[in-house]
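Student: I would like to see how this sequence folds:
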Amino acid sequence: MKELSRTKTISLITILVVLWGASWPIYKIALGYTPPLLFAGMRTLFGGLLLVILLAPKWKQIRWKENWPIYLIASMFNVILFYGVQTVGLTYIPSGLFSVIVYLQPVLVGLFAWLWLGERMTIVKVTGLIIGFLGVSIVSAGGFSGHIAITGVILALISGLSWALGTVYIKKVSYRVNLMWLTAFQCLIGGIVLTGIGSGVESWSNIIWNPPYLFGLIFGSILGIAVSWIIYFTLVNSGDASKVAAYTFLVPLLSVFAGTLFLSEPFTINLVIGLLFITFSIHLVNRKPNTMIEHSKKAA
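Tutor: Numbers count the residues shown, from 1 in each chain. Okay, here's the model as predicted:
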């Protein structure tokens with residue numbers, strides 16, 4: 001896939017981080033009026049249906065016979081496991097700790113991209129990914145209080161691992177499928193499965209169809225799911241997966257800022273320190289190698 005211009009890349013990354021960062025407080029409010037699995041299932045299902053409707057004129061690009069395994073695998077990693085396990089896991093451990101474990105994802109993406117995609121891995125990049133993870137840990141340190149169950153920790157690890165595997169898998173097979181249809185079927189299939197599971201273990205009568213819930217559902221379906229996944233895969237497929245993943249370290253930082261502004265959650269020095277760590281992390285991961293050093297190494 002053709003590389004994006006620097007301006008377009010920065011613009012898409014900014015939109016993605018804002019959308020995903022804003023999603024956490026919006027979903028947190030909406031979850032006060034709906035069972036979690038039904039909410040996760042409905043917003044991914046509606047997001048997938050919206051994309052299918054928009055893409056209908058280009059139905060020939062689906063190539064279902066050749067690509068159905070890719071659609072199923074993507075939906076398993078990026079929707080069913082990622083959203084489903086995440087939703088259940090949040091009931092076992094504090095959200096701060098859960099988000100830190102999930103955001104091992106950029107570090108795992110860097111590792112898997114090196115192993116399976118042949119992306120370059122340097123000491124500087126590894127250091128940057130680790131510093132970014134530390135920054136997320138500092139930002140979320142306030143959420144470490146409360147009961148911690150080993151089940152929740154395991155589910156958080158599975159959630160982050162599935163997201164990382166899904167990201168690298170899509171990067172590896174991207175040349176075989178249409179990106180828009182891949183996103184549509186990932187959301188559609190995953191949404192059907194999660195909604196089905198939610199219907200079996202939760203009650204539809206517990207949904208309160210008020211403005212906060214409807215706003216969360218509409219925002220999640222259109223922006224939080226459909227639009228953001230297309231942007232994310234576009235960025236990953238057009239460049240270095242580990243570099244794009246490093247920017248997602250900003251998501252929990254922005255979500256905490258949003259919680260401070262809109263949910264009256266406390267503003268702490270951890271936010272400032274975490275921001276410095278994350279900013280330095282992104283600089284290290286995206287820093288171009290010194291050309292003179294590179295030439296001297298080749299000459300040696």
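Student: where does the stretch 201-300 of the chain dip in pLDDT?
Tutor: Scanning the stretch 201-300 of the chain for pLDDT under 70 picks out 240, 256, 259-260, 263-268, 271, 275, 286-300.
Student: buried ones in stretch 214-224?
Tutor: By neighbour count with 16 or more other Cβ atoms under 10 Å, stretch 214-224 contains the buried residues 216-217, 219-224. No exception for glycine: its C-beta is placed from N, CA and C like everyone else's.
Student: rebuild those as a markdown table, extending it with distance to Leu161.
Tutor: Below are the buried residues of stretch 214-224 laid out as a markdown table (distance: Cβ to Cβ, whole Å):
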| residue | distance to Leu161 |
| --- | --- |
| Gly216 | 27 |
| Leu217 | 28 |
| Phe219 | 27 |
| Gly220 | 23 |
| Ser221 | 26 |
| Ile222 | 28 |
| Leu223 | 26 |
| Gly224 | 21 |
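Student: who are the packing partners of the helix or strand hosting Leu55?
Tutor: Element membership of Leu55, judged by DSSP states H and E, is helix 36-55. Under the contact criterion of 3 or more Cβ pairs under 8 Å, 6 or more residues apart in numbering; DSSP states H and E, helix 36-55 touches helix 86-89, helix 179-201, helix 211-219.
Student: ends of stretch 115-126, how far apart?
Tutor: 14 Å (Cα to Cα, to the nearest Å).
Student: show me what contacts Leu50?
Tutor: 221-222, 226 (Cβ atoms under 8 Å, 6 or more residues apart in numbering).
Student: please report the distance of Ile282 from Leu72.
Tutor: When Cβ to Cβ, to the nearest Å is applied, the distance between Ile282 and Leu72 equals 33 Å.
Student: the more surrounded of the two?
Tutor: Comparing Ile282 with Leu72 by other Cβ atoms under 10 Å, the one with more neighbours is Ile282, at 22 against 15.
Student: which helix or strand contains the residue nearest to that one when sequence neighbours are not counted?
Tutor: Distances taken as Cβ to Cβ, 6 or more residues apart in numbering place Ala246 nearest to Ile282, at 5.4 Å, with adjacent residues excluded. Assigned by DSSP H and E, Ala246 falls within helix 241-247.
Student: and the next element down the chain from the helix holding Leu55?
Tutor: That would be, after helix 36-55 and using DSSP H and E, helix 64-75.
Student: just want the angle from that following helix to helix 179-201.
Tutor: Angle of helix 64-75 versus helix 179-201, following axes from the mean of the first three to the mean of the last three Cα atoms, to 10 degrees, is 60 degrees.
Student: give me the mean pLDDT for helix 64-75.
Tutor: Mean pLDDT, computed over helix 64-75, is 95.
Student: please name every helix or strand in contact with that helix.
Tutor: Secondary-structure packing of helix 64-75 (3+ Cβ pairs under 8 Å, 6+ apart): helix 150-173, helix 179-201.
Student: chain center to the last one, what's the gap?
Tutor: For helix 179-201, the separation from the chain centroid amounts to 16 Å (computed by Cα atoms, centre = their mean, to the nearest Å).
Student: quick check: angle from that helix to helix 36-55?
Tutor: Angle between the axes of helix 179-201 and helix 36-55 is 150 degrees (criterion: the same axes, to 10 degrees).
Student: other SSEs contacting helix 179-201?
Tutor: By 3+ Cβ pairs under 8 Å, 6+ apart, helix 179-201 packs against helix 36-55, helix 64-75, helix 228-238.
Student: then that helix to CSV, C-alphas only?
Tutor: This file holds the C-alpha atoms of helix 179-201, laid out as CSV (Å, rounded to 0.1, in the frame of the first residue of the first chain):
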residue,chain,number,x,y,z
LEU,A,179,-9.4,-2.5,3.6
MET,A,180,-12.9,-1.0,3.9
TRP,A,181,-14.7,-4.3,3.4
LEU,A,182,-12.3,-5.9,5.9
THR,A,183,-13.3,-3.3,8.5
ALA,A,184,-17.0,-3.8,7.7
PHE,A,185,-17.0,-7.6,8.0
GLN,A,186,-14.7,-7.5,11.1
CYS,A,187,-17.3,-5.3,12.9
LEU,A,188,-20.3,-7.0,11.4
ILE,A,189,-19.3,-10.6,12.3
GLY,A,190,-17.8,-9.6,15.7
GLY,A,191,-20.9,-7.5,16.5
ILE,A,192,-23.2,-10.4,15.7
VAL,A,193,-21.3,-12.8,18.0
LEU,A,194,-21.0,-10.3,20.9
THR,A,195,-24.7,-9.3,20.6
GLY,A,196,-25.6,-13.0,20.6
ILE,A,197,-23.5,-13.7,23.7
GLY,A,198,-24.9,-10.7,25.4
SER,A,199,-28.5,-11.7,24.6
GLY,A,200,-27.8,-15.1,26.2
VAL,A,201,-26.3,-13.8,29.5
